[in-house]
Structures are given as C-alpha cells and as structure tokens.
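Trainee: Have a look at this prediction, sequence included:
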Amino acid sequence: MNTALAGESTEYNIIRAPYDGIVLDKYSEVGMVAGAGVPILRVTSNKSKLAKVYIDNSIYEYTMDSHLTLQLERDSDVSYTGRVTLLQKQKDPLYNKNYTEIRVDGDATLGEKIKVFLERKK
C-alpha cells in the first residue's frame, strides 16, 4: 500500500508540458517549493513558430490573416509563407509601430532573423 501511494505521490510532482517544446525561462530550481499560481517555467511549442515584429500599419498593406512572404537571413534563395495571427491596432509608444505576430511556415529556429516582405499602401 505504501509503495503504491509513494508512486502516486512521485507522479503527482512531475511537471509535464501539454506539448513538445522548448524551455525559454526557468524561474525555479529542483527542490524549491512552488506555490499555486506561481510560474516555474516559460515554454513555447516547437511546432509553430512566430515572428514577432513591429511594423507601421499606416504605411504597409496587411491585415489579420494576410499571407506574407518571408526569407530566412541565412538562406535568401528560399521563400516561405507567413500568416499574420496578431495585429495590434494601437501603435506601441516606444517604437511608434504596430506589434504584429506572423506564424512562420518554414524551418526557422528560435532567435533566427527573418526578412518580411510587405507592399506599401497606395
């Protein structure tokens, strides 16, 4: 009985992500007490990739769900398609541009530089 209880207790203390991914930040160490609602890790999925950029929406022609052409800086011969998944309507006060997230369909890796091709408004 005690062996089964110990096994259940150990399983209860294992942290698992709901998806395959990469640990971006680690806020706690092994052996530390983690309180309810206190973050211990920050993770991201390695299946979907996002390019997070600031673009002046008053100059360039794009909207939510727009498909954009992307190139990895390391391989400018290959183009990928990206889709705008988030577009903030208010300009960021620091950059005076609109924060935009673009889902990248390609083999980009975390931290890699990507060129985004946009058309100017007429």
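Mentor: Here it is on my side, so go on.
Trainee: now for the helix or strand hosting Ile102, which elements pack on it?
Mentor: If you go by DSSP states H and E, Ile102 is part of strand 98-105. Here strand 98-105 touches strand 49-55, strand 67-72, strand 75-87, going by 3 or more Cβ pairs under 8 Å, 6 or more residues apart in numbering; DSSP states H and E. Where you see a C-beta, it was placed from the backbone N, CA and C, and this is true even at glycine.
Trainee: what's the spacing between the nearest residue to Leu24 once chain neighbours are set aside and Tyr19?
Mentor: Nearest residue to Leu24, sequence neighbours excluded (Cβ to Cβ, 6 or more residues apart in numbering): Arg42, at 4.6 Å. Between Arg42 and Tyr19 the computed distance is 14 Å (Cβ to Cβ, to the nearest Å).
Trainee: Show me the domain layout of this structure.
Mentor: Following automatic domain parsing, the chain resolves into domains at 2-45, 49-117.
Trainee: quick one: which of the helices and strands packed on strand 98-105 is nearest Lys121?
Mentor: Nearest to Lys121, of all the helices and strands packed on strand 98-105, is strand 49-55, at 11.8 Å by Cβ to Cβ.
Trainee: Model confidence score at the nearest residue to Ala51 once chain neighbours are set aside, please.
Mentor: Nearest residue to Ala51 in three dimensions, chain neighbours excluded: Ile102, at 4.4 Å (Cβ to Cβ, 6+ apart). The per-residue pLDDT reported for Ile102 equals 91.
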